[in-house]
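Enquirer: sequence first, then the predicted structure, then my questions.
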Amino acid sequence: MKVFSKKLCVVTALVFTLLLAACSGEEKSANDSEASSDEKIQVLTTIAQIGEPLSAIGGDRVDVESLMGPSVDPHLYNPTQSDMTKVDEAEVIFYNGLNLEANMVDMFQSIRDSKPALAIGETLPEESLLDDEDGARDPHIWFDIDLWEAALDAAVEELKAYSPDDANYFEENKQNYFAELDELREEAKKLAEIPEENRVLVTAHDAFGYFGNMHDIEVVGLQGLSTEDEIGISDIDETIGIIKERTVPAIFVESSINSNTIEAVLEGAQSEGVPVELGGELFSDAMGAPDSEEGTYIGMYRYNVNTIYEALSGE
């Protein structure tokens, strides 16, 4: 009986040890999974035009969040208390710069000593940037695919510097994404088919300068580069005069800007017998809903190209 009891004790101890090891393994597996999630680089961007491409390029090595969603105007945006918390928790921050996020510039500059905070637009050569007639720098660089690719490249280099172990992964994803941008460039060439006399893009504010520069389209913005600029009766009358003189077939509202001013231009022109129509809504300072095609940079750009083409080519 003593031998049996001794054997029973040994077996019991062995089973207990195996169960303990199994539980320990399960706990370790759960902890490893949690650690794996925590190891993702926490990336914060201001606009989705930056965030969505970096999410595609960063893949499963990053968690990307953008502060400004659909219909949000970055020119007027003021950071909230929750934004401040997100800035504090982020490991790497990317913003457009060039005074697009005018109310956040001081905040980003103040944190550069503690964490990477890159204004990707300010990495571009100055000679590649546009100025308005008053010398103000145009921040809407995402409408030139070539410039935006260069700006995104600077952001990816920052990610590589922050996490060298992921550098090859980021580079491979970047090359795949840039191949999609090459396809987008080819698609956008259809804009060259718009009759020359119709190649005038009238919008709520002057956000499409780089777009017009890239695709050889004259751009007329009722408001200036920033939506903070005042609009007067003279601005509306001047725009109506351009539409009348150039026989512009369609004008456009923007998703992030009140449509009242463009509608006033449309009504004024039509009251003078000008056969102009509303060509549709364009995405300018903000993209579409995150779960839509227009919620991606490529999808947003493609949508704008198709909308402008259909309205100005008469098809």
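Expert: Everything's here; your move.
Enquirer: output stretch 86-99 as PDB - backbone C-alpha positions only.
Expert: C-alpha atoms of stretch 86-99 as PDB (Å, rounded to 0.1, in the frame of the first residue of the first chain):
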ATOM      1  CA  LYS A  86      -3.700  61.200 -28.900                       C
ATOM      2  CA  VAL A  87      -0.700  63.400 -29.600                       C
ATOM      3  CA  ASP A  88       0.800  62.500 -26.300                       C
ATOM      4  CA  GLU A  89       0.200  58.800 -26.800                       C
ATOM      5  CA  ALA A  90       1.500  58.700 -30.400                       C
ATOM      6  CA  GLU A  91       5.000  57.500 -31.200                       C
ATOM      7  CA  VAL A  92       5.300  59.200 -34.600                       C
ATOM      8  CA  ILE A  93       3.300  62.100 -35.900                       C
ATOM      9  CA  PHE A  94       2.900  63.300 -39.500                       C
ATOM     10  CA  TYR A  95       1.200  66.400 -40.700                       C
ATOM     11  CA  ASN A  96       1.000  68.300 -44.000                       C
ATOM     12  CA  GLY A  97       2.600  71.600 -42.900                       C
ATOM     13  CA  LEU A  98       2.800  74.600 -45.200                       C
ATOM     14  CA  ASN A  99       0.300  76.200 -42.800                       C
END
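Enquirer: remind me which residues of the chain are low pLDDT?
Expert: Scanning the chain for pLDDT under 70 picks out the ranges 1-38, 229, 315.
Enquirer: can you pull out the strands in it?
Expert: Assigned by DSSP state E, the strands in the chain fall at 41-47, 62-68, 92-95, 117-119, 200-205, 218-223, 250-254, 277-282.
Enquirer: the ones you listed: which one's closest to Phe108?
Expert: Closest approach to Phe108 among these (Cβ to Cβ): strand 117-119, 4.9 Å. For glycine as for every other residue, the C-beta is placed from the backbone atoms N, C-alpha and C.
Enquirer: chain center to the closest one, what's the gap?
Expert: With Cα atoms, centre = their mean, to the nearest Å as the basis, strand 117-119 stands 14 Å off its chain's centre.
Enquirer: partner strands of that strand and their direction?
Expert: When pairing is defined by DSSP bridges, strand 117-119 lines up against strand 92-95 (parallel).
Enquirer: would you mark the buried spots in the partner strand?
Expert: Across strand 92-95, burial judged by 16 or more other Cβ atoms under 10 Å covers Val92, Ile93, Phe94, Tyr95.
Enquirer: one step back: and the strands of the chain as TSV, adding distance to Gly232?
Expert: Shown next, in TSV, are the strands of the chain (distance: least, Cβ to Cβ, whole Å):
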stretch	distance to Gly232
strand 41-47	29
strand 62-68	28
strand 92-95	31
strand 117-119	32
strand 200-205	14
strand 218-223	10
strand 250-254	18
strand 277-282	22
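Enquirer: among the ones you listed, which is nearest His75?
Expert: strand 200-205 (8.5 Å).
Enquirer: list the helices and strands the closest one packs on?
Expert: Applying 3 or more Cβ pairs under 8 Å, 6 or more residues apart in numbering; DSSP states H and E, we find strand 200-205 packed against strand 218-223, helix 233-246, strand 250-254, helix 260-271, helix 297-313.
Enquirer: state the distance from the residue lying closest to Glu272 once chain neighbours are set aside to Val202.
Expert: Using Cβ to Cβ, 6 or more residues apart in numbering and skipping residues adjacent in sequence, the residue nearest Glu272 is Lys244, 6.5 Å away. To Val202, Lys244 is 12 Å away according to Cβ to Cβ, to the nearest Å.
Enquirer: circling back to that earlier point, what's the most buried one of the helices and strands packed on strand 200-205?
Expert: Compared across the helices and strands packed on strand 200-205, strand 250-254 shows the largest average neighbour count, a mean of 23 (mean count of other Cβ atoms under 10 Å).
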